[in-house]
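[1] Predicted model, plus sequence, below.
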Amino acid sequence: MDGIAGGVCQISSTLFAAAFFAGLDVLEAEVHSMPSHYIGLGLDATVVWPKVTMKLRNPYDFPVVLHYEVNSGRVRAEILGARRLYKIGFERRIIRDRAFKEEVRTDDKMKLGERKVEQRGQRGYTVRRRRIFFDKEGNEVRSQYWTVVYPPTTMIVTIGTKKTEDATEVPEPKPLNPMPDPATFHRIIQ
């Protein structure tokens, strides 16, 4: 089944972020197994029906409308209501990180010493996420905290073992670049 843009998870992550900043109650949401490239660390949500779902609730005394726009691989979600009661802040702090493992595979069809990165490594993170509600004067009214965990992603590298006339010695390998680390602390107020 083809997906739009980044797939169902891009749709769910965009909705989660919009709901987060709209102040909707987050009843159930899980982060991805690794940081996403299309949304900030800690603002993502994955869905895998029927086991992993996202549940949100409108806590306001007025209805809200979910509005989506999908165009050329980009997703935009808005949550519209009668009024905006709070300004919302998002804070993310990485409180722990874990190294990734490296798995080396061999391929007798690739030239001796040739290397191919099958999957880039990514450190694992434990993230403390905070949602801050501000009143109209900018005073902090309340906060909510979640701790979310992204496990490390193994770096998988394939190395060629096929000897040819011009390749009898293994060349010096070039360093492999893992995925870049996100900032330890990040804050957004909307």
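    Arrived safely, thanks for sending.
[2] Check the secondary structure at Thr14 for me.
    helix (DSSP: H, G, I helix; E, B strand; the rest coil).
[3] OK, contacts around it?
    39, 68, 75-77 (CB atoms under 8 Å, 6 or more residues apart in numbering). For glycine as for every other residue, the C-beta is placed from the backbone atoms N, C-alpha and C.
[4] Thr153 contacts Glu103, correct?
    No: assessed by CB atoms under 8 Å, Thr153 is found out of contact with Glu103, at 10.8 Å.
[5] Quick one: low-confidence residue ranges for this structure.
    Counting by pLDDT under 70, the ranges of the chain that qualify are 1-6, 166-175.
[6] Swap in 80 and give it another go.
    1-7, 73, 165-177 (pLDDT under 80).
[7] That one: helices as residue ranges?
    Applying DSSP state H to the chain gives helices spanning 8-22.
[8] Kindly state the domain boundaries assigned to this protein.
    Following automatic domain parsing, the chain resolves into domains at 1-84, 86-190.
[9] Would you mind finding the most buried of those?
    Looking across the domains of the chain with neighbours counted as mean count of other CB atoms under 10 Å, the highest average goes to domain 1-84: a mean of 15.
[10] ok now that one, how far from the chain's centre?
    12 Å (CA atoms, centre = their mean, to the nearest Å).
[11] wait, what's in contact with Glu69?
    By CB under 8 Å, 6+ apart, the contact set of Glu69 is 75-77.
[12] which residue of this protein sits farthest from its center?
    Computed with CA atoms, centre = their mean, the residue of the chain farthest from its C-alpha average is Glu165, at 45.8 Å.
[13] how near is that one to Met179?
    Remark: distance between Glu165 and Met179 (CB to CB, to the nearest Å) = 37 Å.
[14] beta partners of the nearest residue to Pro63 once chain neighbours are set aside?
    Residue nearest to Pro63 in three dimensions, not counting chain neighbours: Gly81, with 7.1 Å by CB to CB, 6 or more residues apart in numbering. Beta-bridge pairing of Gly81 under DSSP bridges involves Val64.
[15] and Gly81, what is it in contact with?
    By CB under 8 Å, 6+ apart, the contact set of Gly81 is 22, 60, 62-65.
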